[in-house]
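Peer 1: take a look and give me a structure for this.
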Amino acid sequence: MPLEIKISKKLVNYEKALNLLTKRVDLLKKSKGKELIWILEHPLTFTAGIRSKNEEVLDKNIEIIKTNRGGKITLHNPGQKIVYFALNLNKRKKDIRNLVKQIENSIIEFLENFKIKSHADRNNVGIWVKGKKIAAIGIRVTNWIAYHGCSINISNSLDPYKKIIPCGLNNSDVTSVANETKVKSVNINQLLKKIFIKNLKNI
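Peer 2: All right, here's what the predicted structure looks like:
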């Protein structure tokens, strides 16, 4: 099935991105349009997944955007890479666990380029480095169309995590590529594109 790769170099408003993603999902439900991989960054935004709870918001002054993705409360901010998907599993394997596994494998492979050893945890969704979470995954599937995606902390400020209980974790349990290594990659967007295209062929 045709696949569109979209890379946004400027920050993209969260709600604008979600609107575009939803429209793509609607087209795929009708067997129209292309599947999508979209690499971008958001301005500072706090979002709540379907498993979130009010007590996970520590700073009551922040705005929380509710979303239909899986997971709890998290944040997006500049320096954090987002990889969104809109994939038609009707034309692939109808295996959600395999989809999550390929996303996990892609993030782990990406981090290896920075000499960072990471791993997935079946009990705590996401990718972990030395007991700290470096990447979050939130997927929704409707009519076998899978969308939303993952976020990877690259060089973003981790201070805003103090305003929430991110993904049910303590604030000290979050890290980033910049915190873990001094190794730099030449072109992060192109590296993410290459790795995700390769691994998503396995779904």
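Peer 1: show me the contacts for the nearest residue to Ile154 once chain neighbours are set aside.
Peer 2: In space, and not counting its chain neighbours, Ile154 is closest to Val177: 4.8 Å by C-beta to C-beta, 6 or more residues apart in numbering. C-betas here are computed from N, CA, C, even on glycine. Neighbour list for Val177: Leu111, Phe114, Ile116, Ile134, Ile152, Asn153, Ile154, Ser155 [criterion: C-beta atoms under 8 Å, 6 or more residues apart in numbering].
Peer 1: okay, how far is it across stretch 117-127, tip to tip?
Peer 2: 10 Å (C-alpha to C-alpha, to the nearest Å).
Peer 1: can you give me the buried ones in it?
Peer 2: For stretch 117-127, the neighbour count (16 or more other C-beta atoms under 10 Å) marks Ser118, Ala120, Val125, Gly126, Ile127 as buried.
Peer 1: before we move on, back to that, what's the pLDDT at the residue nearest to Ile154?
Peer 2: Val177 carries a pLDDT value of 97.
Peer 1: phi and psi next, for it.
Peer 2: The phi/psi pair for Val177 (degrees, to the nearest 10) reads phi -60, psi -40.
Peer 1: which ones among the contacts of Val177 map onto strands?
Peer 2: Among the contacts of Val177, the members falling in strands (DSSP state E) are Ile134, Ile152, Asn153.
Peer 1: ok, what's across the strand from the spatially most central residue of the chain?
Peer 2: Nearest residue to the geometric centre of the chain (C-alpha atoms, centre = their mean): Cys150, 1.2 Å. With DSSP bridges as the criterion, the beta-bridge partners of Cys150 are Val83, Ile137.
Peer 1: now the phi/psi pair for Ser155, please.
Peer 2: Main-chain torsions, Ser155, degrees, to the nearest 10: phi -130, psi 20.
Peer 1: from what I can see it touches Gly79, true?
Peer 2: Yes: with contact defined as C-beta atoms under 8 Å, Ser155 counts as touching Gly79 (4.0 Å).
Peer 1: quickly list what's touching both of these two.
Peer 2: Ser176, Ala178.
Peer 1: can you give me the helices for the chain?
Peer 2: Ranges of helices within the chain are 14-29, 96-112, 177-180, 188-200, based on DSSP state H.
Peer 1: redo those as JSON lines? Include distance to Thr45.
Peer 2: JSON lines is the format used below for the helices of the chain (distance: least, C-beta to C-beta, whole Å):
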{"stretch": "helix 14-29", "distance to Thr45": "4"}
{"stretch": "helix 96-112", "distance to Thr45": "20"}
{"stretch": "helix 177-180", "distance to Thr45": "20"}
{"stretch": "helix 188-200", "distance to Thr45": "20"}
